[in-house]
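A.B. asks: quick one, what's the 3D model for this:
(4 chains)
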There are 2 protein chains.
Amino acid sequence: MDVTADPPARFDVFAASCPSRRLLDTIGDKWASLVIVALGLGGPMRYSELAARIEGVSQKMLTQTLRGLERDGLLTRTVTPSVPVRVDYELTPLGYSLKDTIRHLKEWAEAHLPEVDAARAAYDRAHAKP
Amino acid sequence: MDVTADPPARFDVFAASCPSRRLLDTIGDKWASLVIVALGLGGPMRYSELAARIEGVSQKMLTQTLRGLERDGLLTRTVTPSVPVRVDYELTPLGYSLKDTIRHLKEWAEAHLPEVDAARAAYDRAHAKP
DNA sequence: CTGTATCCCGTCTGATACTG
DNA sequence: CAGTATCAGACGGGATACAG
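C.D. replies: Residues are numbered from 1 along each chain as shown, chains lettered A, B, ... in the order given. The predicted structure is shown next:
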């Protein structure tokens, strides 16, 4: 291995190529974060349970999201070849660690979202068309 | 104040109408989070400084992002009517508190992104076309 | 310097229909 | 049950031109 070729070790979030952008891709994904929270709450869940629990997600988006999270090593997909088939999803330790991080977001939201709402209302009032 | 009328106090992240979705809209927004980090790092910054610091952001997106954050009460916009005009942006206390939350994300990223990369590589290898 | 206004294309998403 | 395939519409976001 060539030690002279390892610039990616440093993080520069402002660089377009910073890997941290990919984390935001996951966290920011509405469905991905909901899947993580759901699995973090109640342990393994079946496909259909997730579909029922997460309001508004389409079949396509759920599948797509699960594939992405599986690829990133955040959850495992277990197929039981019964009839009909049964597929369970479960967070990996990596997935659990991310869930804890998401919990910080949740706490911030619960603590400060009312302020954001107030700020929005004030802003909209000030900029409303007369 | 009418205590009988406060159902929104409970959070159900799985409900389509949950206010927490709006937090993800902000955090997940690539440019919004970068603006917050940038301002959290070096105090107030001018429009042009932000544009220079945040690699790859277009004029349109920067302005749009700043307006959104201002509306949410996360930063203030101060216009100095000189010639040419000067505009400074600064985090509010609310914005600073969110910055701390984003820092948790950053720490997770630095600690675990290599694992995600490894997982992706393994997944892609396993699913590659032969 | 700091925006606003338009055009426009690629991506994302949701329905719908079909399969192992 | 748990997906895959396909298509059309909505939307984000960049490039460009122009204004206060």
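A.B. asks: from here on, just use CA atoms for contacts and neighbour counts.
C.D. replies: Will do.
A.B. asks: show me what contacts A:Q59?
C.D. replies: Residues near A:Q59 by C-alpha atoms under 8 Å, 6 or more residues apart in numbering or on different chains: A:A51.
A.B. asks: need the strands for chain A, in chain order.
C.D. replies: Secondary structure of chain A (DSSP state E): strands at A:45-46, A:75-80, A:86-91.
A.B. asks: quick one: contacts of the last one?
C.D. replies: Right, the one you point to is strand A:86-91. Residues outside strand A:86-91 that contact it (C-alpha under 8 Å, 6+ apart) are A:36, A:39-40, A:43-47, A:74-80.
A.B. asks: in chain A, what residue lies closest to chain B?
C.D. replies: A:G28 (3.4 Å; C-alpha to the nearest C-alpha).
A.B. asks: could you check how many residues crowd around that residue?
C.D. replies: A:G28: 20 surrounding residues under other C-alpha atoms under 10 Å in any protein chain shown.
A.B. asks: what of A:E49?
C.D. replies: Count around A:E49 with other C-alpha under 10 Å applied: 12.
A.B. asks: do you know how far it is from A:A121?
C.D. replies: Using C-alpha to C-alpha, to the nearest Å, A:E49 is found at 37 Å from A:A121.
A.B. asks: excluding chain neighbours, give the residue nearest to the residue most central in space within chain A in space.
C.D. replies: The C-alpha lying nearest the average C-alpha coordinate of chain A belongs to A:S33 (C-alpha atoms, centre = their mean; 2.4 Å). Leaving aside its sequence neighbours, A:S33 sits nearest to A:I27 (C-alpha to C-alpha, 6 or more residues apart in numbering or on different chains; 5.7 Å).
A.B. asks: over to A:H112?
C.D. replies: Excluding the flanking residues, the one nearest A:H112 by C-alpha to C-alpha, 6+ apart is B:L94, at 7.6 Å.
A.B. asks: from the chain's centre, how far out does the longest helix seen in chain A sit?
C.D. replies: Assignment by DSSP state H gives helix A:93-126 as the longest helix of chain A. Centre-to-centre, helix A:93-126 and its host chain are 14 Å apart (C-alpha atoms, centre = their mean, to the nearest Å).
A.B. asks: please apply the same query to stretch A:78-86.
C.D. replies: The answer for stretch A:78-86 is 26 Å, by C-alpha atoms, centre = their mean.
A.B. asks: what residues of it count as buried?
C.D. replies: When neighbours are counted by 16 or more other C-alpha atoms under 10 Å in any protein chain shown, no buried residue of stretch A:78-86 is found.
A.B. asks: any idea how far apart the tips of that stretch sit?
C.D. replies: By C-alpha to C-alpha, one end of stretch A:78-86 lies 8 Å from the other end.
A.B. asks: quick check, it touching DNA strand C?
C.D. replies: Yes - for stretch A:78-86, a contact with DNA strand C is found by C-alpha under 7 Å from any atom of the strand, at A:P84, A:V85.
A.B. asks: okay then, goodbye and thanks.
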